[in-house]
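[1] Prediction below, plus the sequence it came from.
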Amino acid sequence: MSRSVSVEKTLLKHKRAPIQLVENRVCFAGPHSELSIYDTYEQAQKVSLKADSLLYCGMVTGAKVMHTKQRDNIPFLPHESFILAPKEEVFIDFPEAQFHNPTTCLTIAISQERVAQICDRMNDIMMESLPSSVTLDPNQHLHTLHTQATQQVIDRLTSDFLRNDPDRDLLVDFGVSELVTRILRHHGRDALLRFTQHSPDANGLTCVIQWIEHNLAQPLDINQLAKMACMSRSRFYESFKRQLGCTPVEYQHQRRMSRAYQRLQEKCSVTEVSYELGYLSLSHFSRRFHQHFGMSPRQVAQSKLHS
C-alpha cells in the first residue's frame, strides 16, 4: 500500500534504537495534546491500546488488524484514520512487522476540553438540518479513509510537534483544532446521512442528500437541486456548504470516492467501479482516486488484508 512519504521522512529523523520490539514509543507533548510514535519490529497479536482522552491514530507504514468491542478483524492501513473514544480499549495484531521493516503508527491524544469546545461550535452549525435529538458525539470510535487534504493536516501537525520553533505551540494548537474539526465534520456527515436514510423528506437538504446518494453516477444540476430543496440557488449553495463543509460537487466526489474504495475492497474490478460511478474514462477515474487517497485503485484492489 502507499504510505505517507512526508510523515515517514520526518519521523526517520527522530528514530532511535528501540527499547522494546513491540509498540516502541516516543512522545512529544503539545498544548492540549500529545504526539506518540509507535514502531513495532516483530509480529504480535492482541496488543492493548487505551487512552484517557480522544485518541487519533494514523498508519504511516505497514498494516495492523484492530479488534474492538463492536467489530473484530478490522484492517488498518496507511491513508486510514482510527479514532478511539476516551477510555475505549482496542487490541491490535501486527501481521507484517519485521525488524528491518517495522510497522509505524502515530497517535495524537487530544484533551476532552479542547474537543468539547470545537464540538459545541460544530453542533450549533449542524442543528440547522438535524433534529435537536441528534448531536455530534466525539465519544465514539471512528474508522475511516482520510483524504489527501486530511493527510496534509497530519503531515503538517507532525512536523510542528517535532520542530524547534518559538511558534511551535501555537502552530500545534492550530493543527489540533483543524484535525478535530475534520474528525467532527466526518461524524456530522455520518449523522446527517443516517438521519437522511430514515427521514429523507425531513427538509430540503435531506432530500438533496438522498438524491445524490442514490445517483452518484449522474452529473449534478445545481439549479435542479436548489428546486428540490425549495431554495434559491444562492441560498441552497450557502446552506449546503455550511452544513456539510463543502460544495455539492465536492460532496458528490467524496461520496463517489468512498463508494469506489468500498467496491474495490469487495473485489470489483477497477473498470467496473469506474463506469458504475459515472466515469467515462478509466484514466480519469484512476487519477481522481489517486489525488483523493494518495494511492491507486489497483493498490486497494490488490490489498492482501482485504482478501
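    Everything's here; your move.

[2] Pretty sure residue 176 sits in a helix.
    Yes. Assessed by DSSP: H, G, I helix; E, B strand; the rest coil, residue 176 belongs to a helix.

[3] what number of residues lie near it?
    When neighbours are counted by other CB atoms under 10 Å, residue 176 registers 26. Where C-beta positions appear, they are placed from N, C-alpha and C, glycine not excepted.

[4] correct me, but it touches residue 32?
    Yes. The pair residue 176 and residue 32 qualifies as a contact (CB atoms under 8 Å) at a distance of 6.4 Å.

[5] got any residues that touch both of the two?
    Residues touching both residue 176 and residue 32 (CB atoms under 8 Å, 6 or more residues apart in numbering) are 110, 114.

[6] hang on, residue 280 is in a helix, isn't it?
    No. Under three-state DSSP, residue 280 falls outside any helix and is assigned coil.

[7] Mind pulling up the pLDDT for it?
    What the model reports for residue 280 is a pLDDT of 90.

[8] Ramachandran angles for it?
    When read as degrees, to the nearest 10, the backbone of residue 280 gives phi -80, psi -20.

[9] Could you shift the numbering so residue one becomes 701, and keep it that way?
    Sure, I'll start counting at 701 from here, so that last one is residue 980.

[10] where does residue 803 fall, phi/psi-wise?
    The phi/psi pair for residue 803 (degrees, to the nearest 10) reads phi -90, psi 130.

[11] what's the distance between it and residue 751?
    Per CB to CB, to the nearest Å, residue 803 is found 19 Å from residue 751.

[12] Those two: which has the busier surroundings?
    residue 803 (26 against 19).

[13] Who are the contact partners of the spatially closest residue to the more buried one that is not a sequence neighbour?
    Excluding the flanking residues, the one nearest residue 803 by CB to CB, 6 or more residues apart in numbering is residue 762, at 3.1 Å. Going by CB under 8 Å, 6+ apart, residue 762 touches 740, 794, 796, 797, 801, 802, 803, 804.

[14] If any of those residues are buried, give me the ChimeraX selection for them.
    Remark: buried members of the contacts of residue 762, expressed as a ChimeraX selection using 16 or more other CB atoms under 10 Å:
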select :740,794,796,797,802,803,804
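
[15] want to throw the contacts of residue 762 into TSV with distance to residue 927, pLDDT and secondary structure?
    Formatted as TSV, the contacts of residue 762 follow (distance: CB to CB, whole Å; pLDDT from 0 to 100; DSSP: H, G, I helix; E, B strand; the rest coil):
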residue	distance to residue 927	pLDDT	secondary structure
740	55	96	strand
794	53	96	strand
796	52	90	coil
797	55	93	coil
801	56	90	strand
802	55	93	coil
803	51	93	strand
804	50	92	strand
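
[16] outside of stretch 718-729, which residues touch it?
    By CB under 8 Å, 6+ apart, stretch 718-729 touches 714, 716, 734-742, 744, 747, 749, 794, 799, 861-862.

[17] among those, which are in strands?
    Residues of these located in strands (DSSP state E): 734, 735, 736, 737, 738, 739, 740, 744, 747, 749, 794.

[18] the strands in this structure, which residues?
    Using DSSP E, strands in the chain cover 724-730, 733-740, 744-750, 754-761, 764-767, 774-776, 780-784, 789-794, 803-810, 842-845.

[19] Now do the shortest one: which elements does it pack against?
    Where contact means 3 or more CB pairs under 8 Å, 6 or more residues apart in numbering; DSSP states H and E, strand 774-776 is packed against strand 764-767.
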